[in-house]
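Asker: got a predicted model here, sequence first, then my questions.
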Amino acid sequence: MSAQKVLGLIALLFILGLVVFVQTRTPKEGYERTSTLRHQPLASKDLSSPGKLTKGQSSFIVEETRLILPQSSVPEDLSSPGEQVREQSSITVKNGRLSVWIQDRPLVEVLEEVSQRAIVPIIIGGGGGDQQVSIQFQDLPLDEGLRFILKDQDAFFFYGVEGNAPASLRVVWVYPKGRGNGLTPTPPETWASTVELEGRLADPDPEARARAAESLVERKGGEALDVVLQALKDRDDQVRNRVLYKALNSGVKLPSDFLYQLVLTDPLPEVRFLAIAALAEDPTMGADDLDNAKALAEKVMTTDLSPEVRNQAQQIFEQLSAQTTR
């Protein structure tokens, strides 16, 4: 055997031993190296190395192919269990159908999210909603899905009609089990959104218009001036009367010229009575305002068709006259 062949055999045995050594090493520092042995025939080529390979000779090349992370070295999710549960929760409402996948979440949080997504008020009363719930269902009609969620609660479902559309779920009241007996659901003015109440200001029913305006005044206080001014132009006497009374008792400051107009032109005596009283009780009245109010009271006490309004005007005239002589 020639010396060249002996050297080639020794080199081959050395490479094979190296491969076995690499494959059997114990993984360290969280990773494992794997190697492959690839046979590559080489054509005659100058490799710019200390020796040359001629056609027909072979080269064995050790290639490292991948880095394998063991299971224990995968980065852990450092979020808290509560955050992981929240991220895994899913509540969707699409085309009036509800899908829920939740695990160990407070019922009140679930109902709040359903309410926001379905745009349906859900009112929780009696201190309920604190218990943890786990619920899974998919693609149920909204009301059926809510019944499934509330199967261990007392609940009232209200369906309403708008225009020519069929009746739909409008609001849900929820109470702890056994505590809903004998309860009456609250009126819509207490749970409807401000936008919904503003929409009811144009309701054909004057009772609905009055309730909506009163509720907005109660919610917004002095910021409800526009609502009050609109309601005081209503064609219905009781709407104007109720809203003016509510506004004056809720701190809504009405412009003096608007009150003057009500005193002189409103067809309802009760409205004229309230308006002239409001003018006289304005604590911010200056000297000119005082003179104008006194002149108005003097005119009304002799011209108004209602004896109650005339008497009120006379009392106000006397009160204002006493103030101007001080």
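Answerer: Perfect, thanks for sending it.
Asker: now do the domain split for the protein, please.
Answerer: Per automatic domain parsing, the domain ranges recorded for the chain read 3-69, 82-186, 194-324.
Asker: and among these, the most buried is which?
Answerer: Greatest average neighbour count among these goes to domain 194-324 (a mean of 17), per mean count of other C-beta atoms under 10 Å. Bear in mind the C-beta positions are built from the backbone N, C-alpha and C, glycine included.
Asker: and Ser99, what does it touch?
Answerer: Ser90, Ile91, Thr92, Val93, Phe137, Gln138, Asp139, Leu140, Gly145 (C-beta atoms under 8 Å, 6 or more residues apart in numbering).
Asker: picking up where we left off before, turn the domains of the chain into a markdown table, including mean pLDDT.
Answerer: Formatted as a markdown table, the domains of the chain follow (pLDDT from 0 to 100):
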| stretch | mean pLDDT |
| --- | --- |
| domain 3-69 | 44 |
| domain 82-186 | 81 |
| domain 194-324 | 90 |
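Asker: which helix or strand contains the residue nearest to Glu218 when sequence neighbours are not counted?
Answerer: Nearest residue to Glu218, sequence neighbours excluded (C-beta to C-beta, 6 or more residues apart in numbering): Ser250, at 6.6 Å. Assigned by DSSP states H and E, Ser250 belongs to neither a helix nor a strand.
Asker: okay, strands next: where are they in the stretch 151-300 of the chain?
Answerer: Applying DSSP state E, counting those that start in this stretch to the stretch 151-300 of the chain gives strands spanning 153-160, 168-176.
Asker: partners of the one helix or strand Val100 maps to in the sheet?
Answerer: According to DSSP H and E, Val100 maps onto strand 97-106. Strand 97-106 has the following strand partners under DSSP bridges: strand 90-94 (antiparallel), strand 132-141 (antiparallel).
Asker: secondary structure class for Ile123?
Answerer: Following DSSP: H, G, I helix; E, B strand; the rest coil, Ile123 is assigned to strand.
Asker: beta partners for it?
Answerer: Trp173.
Asker: so it touches Trp173, yeah?
Answerer: Yes. With contact defined as C-beta atoms under 8 Å, Ile123 counts as touching Trp173 (4.9 Å).
Asker: my read: Ala297 touches Phe317, true?
Answerer: Yes. If you go by C-beta under 8 Å, Ala297 and Phe317 touch, sitting 4.0 Å apart.
Asker: tell me which residues touch the residue lying closest to Phe157 once chain neighbours are set aside, please.
Answerer: With sequence-adjacent residues excluded and distances taken as C-beta to C-beta, 6+ apart, Phe157 is closest to Val172, at 5.6 Å. Listed by C-beta under 8 Å, 6+ apart, the contact set of Val172 reads Val120, Pro121, Ile122, Ile123, Leu146, Leu150, Ala155, Phe156, Phe157, Phe158.
Asker: how far away is Glu318 from Lys294?
Answerer: Distance of Glu318 to Lys294, computed by C-beta to C-beta, to the nearest Å: 10 Å.
Asker: I meant Asp304, not that one.
Answerer: On the measure of C-beta to C-beta, Asp304 and Lys294 end up 16 Å apart.
Asker: in a strand, Gly127, correct?
Answerer: No. When classified by three-state DSSP, Gly127 is found to be coil rather than part of a strand.
Asker: that concludes my questions; thank you for your assistance.
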